[in-house]
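Peer 1: whatever this is, show me its structure:
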Amino acid sequence: MTTMTSPPATASAAPAASSAASSGSSAASLPAAGTQPPEAVEARVRILDNAARLILDKGFAATSMRDIASAVGIKAGSLYHHFASKEEIFTAILERGIDVMVTAFESVENDDRAGAFDGATSAEALLRAHVRAHLGSLFEFGPYTAAHVTTFHNAPDSVHEIIVPRRDSYEAMWAALFDRLQAQGSLRVDHLSIARLVLFGGMNSTIEWFDPAGPLSLDDLADTIVSQFWHAGGHA
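Peer 2: Now for the predicted structure:
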């Protein structure tokens, strides 16, 4: 999958992602409503929120189960009532992060099917909406999405085996979007995959310098990125 970046963020942003991310396929996914007592679900969420923040700040290897337990305010042994291992916790974090990005992408596609981007500038507007959705996933959902950039490459093989197919599926959505834009004649580039990677690089690198609390909004940022891409050779 294309390397993704994400901002330093507090765990408080993460719970908003849970409503958009419940389709994880492994045992590490958050439980469906009604499958566990509310207090157990709440405990898992608190563990994941704190673990995501710690792993973002310290890295996966440097974050211990004791660190996570201390941040949550429970004994280290109590973690094992909810997760079998640190790897399982990390997998759940990454699953929620990718679910947020997939949900954001699919929301824009649904808008497109409903005719939201009809008109003379529909292709550019569609791409702008997708860029804004990706940026929103990175900047607005805390360390769950950030983990895909800052720590995933150091994840154990057992985590990679579960997460890589899901990251690849997200990349495939973007590839299909670019294929469609080119087939429509809206996008003309010699190397479509490279163009897509360049766009991703532009979006993801903003994490290193963009301040969403500054004078420019994420909407402004999305407009600038798409304008630079669209009018610098991507537009037919």
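
Peer 1: and the helix or strand that residue 205 is a member of, which residues are buried?
Peer 2: Assessed by DSSP states H and E, residue 205 sits inside helix 192-205. Buried residues in helix 192-205, counted by 16 or more other Cβ atoms under 10 Å: 192, 195-196, 198-200, 203-204. Every C-beta, even on glycine, is put in place using the N, C-alpha and C of the backbone.

Peer 1: same for it, what does it pack against?
Peer 2: If you count contacts as 3 or more Cβ pairs under 8 Å, 6 or more residues apart in numbering; DSSP states H and E, helix 192-205 packs onto helix 122-140, helix 157-183, helix 218-229.

Peer 1: 6 Å instead?
Peer 2: helix 157-183 (3 or more Cβ pairs under 6 Å, 6 or more residues apart in numbering; DSSP states H and E).

Peer 1: could you check the angle the helix it packs on makes with helix 192-205?
Peer 2: 120 degrees (axes from the mean of the first three to the mean of the last three Cα atoms, to 10 degrees).

Peer 1: just want the angle from helix 157-183 to helix 122-140.
Peer 2: Using the same axes, to 10 degrees: helix 157-183 against helix 122-140 is 160 degrees.

Peer 1: what is helix 157-183 packed up against?
Peer 2: helix 86-113, helix 192-205.

Peer 1: want to throw these into JSON lines with distance to residue 41?
Peer 2: Shown next, in JSON lines, are the helices and strands packed on helix 157-183 (distance: least, Cβ to Cβ, whole Å):
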{"stretch": "helix 86-113", "distance to residue 41": "12"}
{"stretch": "helix 192-205", "distance to residue 41": "32"}
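
Peer 1: nearest approach to residue 66 belongs to which of those helices?
Peer 2: With Cβ to Cβ as the criterion, residue 66 lies closest to helix 86-113 of the helices and strands packed on helix 157-183, at 10.4 Å.

Peer 1: mean confidence score for that closest one?
Peer 2: What helix 86-113 shows for mean pLDDT is 95.
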